[in-house]
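Student: got a sequence here, can you build the structure:
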Amino acid sequence: MHKKKLLLIITLSLFPVLQMIPEAAATPAFSRQTGADCRSCHFMDMHGLNAFGRAFKQNAFNLSEHMKEQLQQQKQSEHEAKAPEHNESDQEHGCASC
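Tutor: Numbers count the residues shown, from 1 in each chain. Below you'll find the predicted structure:
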């Protein structure tokens, strides 16, 4: 009984504190401007920067020509990965996705 009461007190005391935490208001401006995925610069947890993200930051948050080429290559490979695979029977029967 004592443990349940203590747990209830802790839960009720934490609730107002958790309500004061501001809502995240980040906007993916880079993603909107370039069409690139957030993972272009960030690891999966979105806190750490990968090599591309560090280079972008070191370049005063501007894309160099080399970085633009890298993004274009990434977009192309993502597009190819999403494209459906076709075989000869698709072409013979008329592939609806083409």
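Student: and S64, its phi and psi?
Tutor: Phi and psi for S64, reported as degrees, to the nearest 10, are phi -80, psi 170.
Student: can you count the residues close to it?
Tutor: As a burial measure, S64 scores 11 neighbours (other C-beta atoms under 10 Å). C-beta coordinates here come from the backbone N, C-alpha and C atoms, glycine included.
Student: next one: the residue nearest in space to the middle of the chain from N59, what distance?
Tutor: Centroid-nearest residue in the chain: C38, 3.7 Å away (criterion: C-alpha atoms, centre = their mean). Note on C38: its distance to N59, by C-beta to C-beta, to the nearest Å, is 18 Å.
Student: all helices for this protein, in order.
Tutor: 2-19, 29-34, 51-58, 65-82, 88-93 (DSSP state H).
Student: and those as TSV, adding mean neighbour count?
Tutor: As requested, the helices of the chain are exported to TSV (neighbours: other C-beta atoms under 10 Å):
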stretch	mean neighbour count
helix 2-19	9
helix 29-34	13
helix 51-58	14
helix 65-82	11
helix 88-93	9
